[in-house]
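**Student:** curious how this folds, go ahead:
(chains A and B, ligands or ions: 1)
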Amino acid sequence: MMKSFETLTKDTGTNKIGERGLTMPRSNYVANSSLCFQLFTHQQCAEIHSAVLEVLERVGVNIHHQRALAIARKAGAYVDGQRVRFPAALVEKSIRSAPSRVVLSDRNKQRRIFLEGHNFYFGPGPTAMNTIDPFTGERRVPVLEDTCRASRVMDALPNIDFQMDFGTPSDVDRKTSDVYAFEALLNNSTKPIVHWSYNTRNLKAMVEMAVAVAGSLQELQNNPLCAFYCEPISPLTHEFDALDIAMAMAEYNLPVIYTPAPQGGVTAPATLAGNIVQSLAESLSGLVIHQQVREGAPFIMGGVITIMDMISTQITYASPEFNLMAAGLIRMAQFYEIPGFSTAGCSDSKSVDQQAGIDIATNCLMAALSGGNLIHDVGYMESGMSTSLQSLVIGDEVIGQVKRLIRGIEVNKETLALDAIEAVGPGGDFIGEEHTYNNFKKEWWMPTLFNRGRHDSWAAQGKPDLAELASKRLRILLEEHQPQALNEDTKNRIRQIRLAL
Amino acid sequence: MSNYLEDLAQSVIVGQEDRVKQLTQQAIDSGADPVEIINQGLIPGMNVVGARFKVGQMFVPEVLMSARAMNGGMELVKPLLLDEELPTAGKVVLGTVKGDLHDIGKNLVGMMLESAGFTVVNLGVDAGPDKFLQAIKEHKPGIIGLSALLTTTMLSMKDTIEVLKEEGLRDKVKVIIGGAPISQDFADEIGADGFAPDAASATDLCKKLLA
Ligand code: B1M
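**Tutor:** Reported below is the predicted structural model:
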């Protein structure tokens, strides 16, 4: 079935007809079963889409890949040297042929992540060049043991749905550090993996590893345990390796995330709408090539769309503009019915302090509200320059709270509690009531980290702040959590694949 | 007369290229000393910009617009100057190292250097030792600047320095390095002449090295 994204006029999923009324029959009852937030109206989406088509037809993109150029020409794009312009029909055809959902499974083929509609899943960030040690506070270059430890923590944290490598390990062969990291993630957690690759050669080794785990390529396609991301260069340039990886993933029929990183005012317009337009033009032109390689291959539309701070020249991972553009990108992904890759749980702060807390709380809520399917970079610090396990643990707590917020308030006979109010009556109390017993756990979120206790007990614990509480929880997780081990045979096979590289 | 100089400096500060060109042309037509136009009009304006940027009162796009305005005036004055009067802070060859495609930071360094009066030769990305070598021979810069954003590619900075030694060019040119994974320690380790954490300090560093 082809999608008809242009006619997508309804809100997807947030409004539904109430199933359970009070006692009396009612007509035309509409209920919000979760929180509602929509950055753009349908008309605004259409206007942005139209601008994207105009950019692709008028300006086009540069493609540094011979085979992709030939593919584009054959598909009916206007190719002039490396500059490729696209007729609207070709772009829209590619949007329609990309699947509206991608499912990621864990290492045991359990289908865990359903990237479609407004579903959202959170996970950490990749490749950072530093990590802040949660116990010593030292900011240092990560080693492979950091990747393994981070993977175990991701395995343990209930609100972290997928794994990323959390930093490029430096104590391994640098040209294949992506492969070492992938192996570490496979070995230390069963959770689905979102990863990257320097080039197609390394990618092939990693896909081979995933095939070894899944049993066969077909089984991996059926239940993909990993997705790989790659990045075009803003403005409007597809360099060789990124596009080559996207094309290889199409050939494998495995999910790829194509995710530009435009910086407003530097490599993209300073206006937020213009930045989103350019980012979409970059990912959709990649999609055209991708769908030409294999129609219907799974594609996830990404974009770490940001601005540069015009004093420090540092990019931001937490500004209001960053949060708005992430929401805008996701709104457009929903408009196109293509799964989206978004960013949250990250901070510009240099340490796990008040700013980090405010950043994380704000962007996690914004990302969840926008329903942006695969949300990465939880635990990123200082604009993506380092990662922090303390921050990942705090992020996990924030996500728990955010999930509760998104659930909203259920309105039905049980929750309106008329019988309980009657039973208690004026002047009574609810604490011993069956209604309380039955509902408080169902309706309330219970913190595992945030301190709601009294001053006395907090003082007795040595007045810990949130970062200290996170370290404490981390210590317990690392001591107690035993991830399921990969069987020795498979473990050996994937090691052999890495050694053969 | 001094009034026009103030007006000129002010127009540089607010980044009005048209106005700067107009005032410069008027001054030239009325017989003003070209050296005075530069040293008491254009450059003092840009100095204010530099100072304001440092304390966070001006932002990068504003600095670049001011530089463009100043250069608009410079272009008109230059033909009237003797060679030795031509203001140039020095020549810098810039490039992102081999295997690395990150060029945003390096380009910003280039723009800020140009704003400060340096002549910049930009080698683009993926520039290996050979490319730098060739550029040194061709352009005879006072400084070469290497940028790397990846922990994998930063290692190749050392190769470039080694090649310069082999070719006997190491003491003919200063080498500065920068980029997110780079530190002063790393610069010392590979024997670079300097490291700068951002574009503004890269400009200060170049001034210092060529002083
Ligand atoms: C000569 O003297 C000097 C002096 C000062 C100098 C100097 C030279 N050069 C720079 N400076 C200094 O002054 C500048 C201005 O003030 C500053 O420059 P910066 O460059 O630091 O600052 C810029 C103004 C803004 N910053 C940037 O432009 C870099 C931002 C981040 C997000 C980034 C971007 C944008 C990109 N990336 Co890439 N990228 C990241 C970056 C994360 C981050 N937060 O830095 C980083 C650097 N990337 C990384 C990675 C892994 C990669 N990237 C890749 C690709 C890309 C894009 C193409 C998408 C894009 C670059 C586009 C472009 N035209 O440059 C890939 C590699 C491609 C390649 N072969 O180079 C790829 C491998 C990702 C992949 N899976 O494909 C990570 C490196 C990790 C590591 N351990 O090395 C990374 C830290 C991201 C992360 N959060 O983990 C100073 O450093």
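**Student:** for the most centrally placed residue in chain A, list each beta-bridge partner.
**Tutor:** Closest to where the C-alpha atoms of chain A average out (Cα atoms, centre = their mean) is A:Ile375, at 2.0 Å. Beta-bridge partners recorded for A:Ile375 (DSSP bridges): A:Phe122, A:Ser342.
**Student:** report pLDDT for it.
**Tutor:** If you check A:Ile375, the pLDDT there is 98.
**Student:** give the residue spans of the chain that score low on pLDDT.
**Tutor:** Went with chain A since none was named. Applying pLDDT under 70 to chain A flags the ranges A:1-2, A:4-24.
**Student:** looking at chain B here, not the other one
**Tutor:** Confidence mapping of chain B against pLDDT under 70 gives the ranges B:1-2.
**Student:** on that earlier part again, ok, the residue nearest to the centre of chain A - contacts?
**Tutor:** Applying Cβ atoms under 8 Å, 6 or more residues apart in numbering or on different chains to A:Ile375 gives the contacts A:120-123, A:341-345, A:364, A:367-368. Backbone N, C-alpha and C define where each C-beta goes, glycine included.
**Student:** again, only this time at 6 Å
**Tutor:** For A:Ile375, the contact set (Cβ atoms under 6 Å, 6 or more residues apart in numbering or on different chains) comprises A:120, A:122, A:342, A:344, A:367.
**Student:** over to B:Thr24?
**Tutor:** Applying Cβ under 6 Å, 6+ apart to B:Thr24 gives the contacts B:73, B:76.
**Student:** phi, psi for the closest residue to A:Glu116 other than its chain neighbours please.
**Tutor:** Closest residue to A:Glu116 apart from its sequence neighbours, by Cβ to Cβ, 6 or more residues apart in numbering or on different chains: A:Arg101 at 3.6 Å. Dihedral pair for A:Arg101: phi -150, psi 150, per degrees, to the nearest 10.
**Student:** do the same with the one 3 residues further on
**Tutor:** The phi and psi values for A:Leu104, taken as degrees, to the nearest 10, are phi -110, psi 140.
**Student:** with A:Arg83 as the reference, measure out to it.
**Tutor:** 36 Å (Cβ to Cβ, to the nearest Å).
**Student:** more neighbours: the two, which one.
**Tutor:** Taking neighbours as other Cβ atoms under 10 Å in any protein chain shown, A:Leu104 and A:Arg83 compare with A:Leu104 leading, 26 against 14.
**Student:** and that one, bridged to which residues?
**Tutor:** Judged by DSSP bridges, the bridge partners of A:Leu104 are A:Ile113.
**Student:** can you tell me the SS state at A:Asn492?
**Tutor:** Of the three states, A:Asn492 takes helix according to DSSP: H, G, I helix; E, B strand; the rest coil.
**Student:** pull the number of nearby residues for B:Ser30.
**Tutor:** B:Ser30: 9 neighbours (other Cβ under 10 Å).
**Student:** sorry, that was for B:Met58
**Tutor:** 21.
**Student:** for it, what are its contacts?
**Tutor:** B:Arg52.
**Student:** three-state assignment of it?
**Tutor:** The three-state assignment at B:Met58 reads coil, by three-state DSSP.
**Student:** for A:Ile311, same thing?
**Tutor:** coil.
**Student:** now do the helices in the stretch 1-150 of chain A.
**Tutor:** Secondary structure of the stretch 1-150 of chain A (DSSP state H, counting those that start in this stretch): helices at A:42-58, A:66-75, A:88-97, A:144-156.
**Student:** quick check: B:Leu94 is in a strand.
**Tutor:** Yes: when three-state DSSP is applied, B:Leu94 is found to be in a strand.
**Student:** that one bridge partners, please.
**Tutor:** B:Asn122, B:Gly145.
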